[in-house]
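Novice: pasting the sequence and the predicted coordinates here, then a few questions.
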Amino acid sequence: MTSLVETVLSTLSRLDSRAVVDILIVAAILYWILRLIQGTTAIALIRGMIMLILVAALMGNVLDLVVLNWVVRNSIPALLVSIPILFQPELRRALERLGRTSRILSRGGASNELALAMEQIAVACRRLSDRRWGALIVLERGTGLGEYVDTGVEIEGRVSVDLLMAIFFPNAPLHDGAAILRGDRIVAAACLLPLTESILSDKHLGTRHRAGVGITERTDAISIIVSEETGIISLANNGRIVRNLDEGKLKKILPALYRPQAASSWLPSWFFRDRGLGRISRREEAAKSDQ
């Protein structure tokens, strides 16, 4: 124990300012990578790889297994080579975020634009509901939706009532599928989304609602669904769905859920857990009481 303490103290005594900066940079990169894969299947894959290596290394050292120790030592380079293959979606998402650096740096002054976008979405949903035009709108938050954007048609247009109405017009070529929003822009339409495997409370909810819930189970996105049959507006978040919303309720719920995450996505998700989800749970109770 004494030798270990002496080794640690000796190592710390050799640290200089460059070493401290080096450690901080590496720690920041690791934190960024963990934030990038948070809420994806990659985190379970990394956990499994770490557990496998730790168990194998522990068994090899305790039982003095020469071959197993050799396999563990030589598997590290192979794992490093396999990282670009295993985590291709996450690496692609990282490059997309780097490409949007200028937007991230300017988000502080974009709150008014986001607030206007939320109002445009609420008004558009009300008009879509009045006309019984089915719609599925997905709002990207911390987890990138690049893989789903690639399945649709690129739009890259500012959010507006007229643009959303044009996309979901029943005879329009883009009305089937989802429109994905990033900030105050519609990045793509006619996008394919994963369907939820959970059993929805209302058996009459169709594919559009299952897709709206499914994307919120796999990511931290928010989805708004307008029923083509009944015109009912629903909102899905974290695998849960709230129905019978209107324009006024959307204008209250969307800024509470969407704007804090969009404006401060560099903050850890636990910062928003009690705030954002707490607010939506109260909104959900209010919406359920109105049903």
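Specialist: Structure received.
Novice: what about the strands in the stretch 101-250 of the chain?
Specialist: 135-140, 153-158, 178-182, 185-191, 222-226, 233-237, 240-245 (DSSP state E, counting those that start in this stretch).
Novice: please tell me how far the fourth one is from the chain's geometric centre.
Specialist: Once both centres are worked out by Cα atoms, centre = their mean, to the nearest Å, strand 185-191 turns out to sit 16 Å from its chain's centre.
Novice: could you list every helix and strand in contact with that strand?
Specialist: Contacts defined by 3 or more Cβ pairs under 8 Å, 6 or more residues apart in numbering; DSSP states H and E place strand 185-191 against helix 146-149, strand 153-158, helix 161-167, strand 178-182. To be clear about C-beta, it is placed using only N, CA and C from the backbone, and glycine gets the same treatment.
Novice: and among the ones you listed, the most buried is which?
Specialist: Most buried of those, by mean neighbour count (mean count of other Cβ atoms under 10 Å): strand 178-182, with a mean of 26.
Novice: what's in contact with that strand?
Specialist: With Cβ atoms under 8 Å, 6 or more residues apart in numbering as the test, strand 178-182 has contacts from 117, 121, 135-140, 145, 148-149, 152, 155, 159, 164, 167-168, 186-193, 211-212, 215, 223.
Novice: mind putting the strands of the stretch 101-250 of the chain into CSV with distance to Val81 and mean pLDDT?
Specialist: Below are these laid out as CSV (distance: least, Cβ to Cβ, whole Å; pLDDT from 0 to 100):
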stretch, distance to Val81, mean pLDDT
strand 135-140, 31, 95
strand 153-158, 33, 92
strand 178-182, 32, 94
strand 185-191, 32, 94
strand 222-226, 37, 95
strand 233-237, 38, 94
strand 240-245, 40, 90
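Novice: residue ranges in the stretch 101-250 of the chain under the pLDDT threshold?
Specialist: 101-110, 199-204 (pLDDT under 70).
Novice: what is the distance between the one helix or strand Ile50 maps to and the centre of its chain?
Specialist: In the assignment (DSSP states H and E), Ile50 maps to helix 41-62. The chain centre lies 26 Å from the centre of helix 41-62; the measure is Cα atoms, centre = their mean.
Novice: figure out how far the helix or strand following that helix is from the centre of its chain.
Specialist: Remark: after helix 41-62, the chain's next helix or strand is helix 66-86, criterion DSSP H and E. Computed by Cα atoms, centre = their mean, the chain-centroid distance of helix 66-86 equals 30 Å.
Novice: got the angle between helix 66-86 and helix 41-62?
Specialist: Angle of helix 66-86 versus helix 41-62, following axes from the mean of the first three to the mean of the last three Cα atoms, to 10 degrees, is 170 degrees.
Novice: for the helix holding Ile50, name the packing helices and strands.
Specialist: Checking 3+ Cβ pairs under 8 Å, 6+ apart, helix 41-62 ends up next to helix 17-37, helix 66-86.
Novice: I appreciate the help and will end here.
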